[in-house]
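Enquirer: please find the sequence and the predicted model below.
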Amino acid sequence: MINDIKAVEERLGLSFSDEYRDFLQIYNGGEPTKSIAMFHETAHESVGLETVDYFFGVGMEGEYTAERAYQRYGRSIPDGLLPISMGFAGHIICLAIEGPNDGQVFLQRGYEYLKVADDLVDLLGENVGKGPLQEAKLKRLVEDQ
């Protein structure tokens, strides 16, 4: 799996965050088992009926891959954002992979990009990914000390 991730990074000329690499290694995209609703950070108001429909994966064929999503949407989103998911209503969910917002998650609504989570762990909340993804994040923090 790590070779698939590195190959996609190389082909796209991007560098994914450790947290996103962990996410791909643990889940490799797919549909969340519980609904993930998104809220705008500042106003704490719902950004509509948008929920995560599916996450893009790597090392697979088809429409729902991270590479295909970047090729399709990469030119229309701001630099430093990577499409990681598609919302139920068709909005793109992006992960900041560089700059001052590195690691934060944004929801595309029209021409706006609203911050909806501090990181992937925050986005997943009570969903299936929090345990193993949180453990991987903590392990990296300990190793960095």
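Expert: Arrived safely.
Enquirer: report the secondary structure state of the residue nearest the centre of the chain.
Expert: Centroid-nearest residue in the chain: residue 84, 3.8 Å away (criterion: Cα atoms, centre = their mean). Assigned with DSSP: H, G, I helix; E, B strand; the rest coil, residue 84 falls in the strand class.
Enquirer: how about residue 69?
Expert: What three-state DSSP gives for residue 69 is helix.
Enquirer: just checking, residue 52 is part of a strand?
Expert: Yes: applying three-state DSSP, one finds residue 52 inside a strand.
Enquirer: dump the residue contacts of it.
Expert: Applying Cβ atoms under 8 Å, 6 or more residues apart in numbering to residue 52 gives the contacts 32, 35-36, 38, 85-88, 93, 123. C-betas here are computed from N, CA, C, even on glycine.
Enquirer: in space, what's closest to residue 31 - neighbours in sequence excluded?
Expert: Closest residue in space to residue 31, ignoring its immediate chain neighbours: residue 54 at 4.8 Å, by Cβ to Cβ, 6 or more residues apart in numbering.
Enquirer: ugh, wrong one, I meant residue 36
Expert: residue 52 (4.2 Å).
Enquirer: quick one: that neighbour from residue 17, how far?
Expert: Applying Cβ to Cβ, to the nearest Å, the value for residue 52 to residue 17 is 18 Å.
Enquirer: which residues of this protein fall in helices?
Expert: Here the chain has its helices, by DSSP state H, at 2-12, 18-26, 66-73, 120-124, 130-144.
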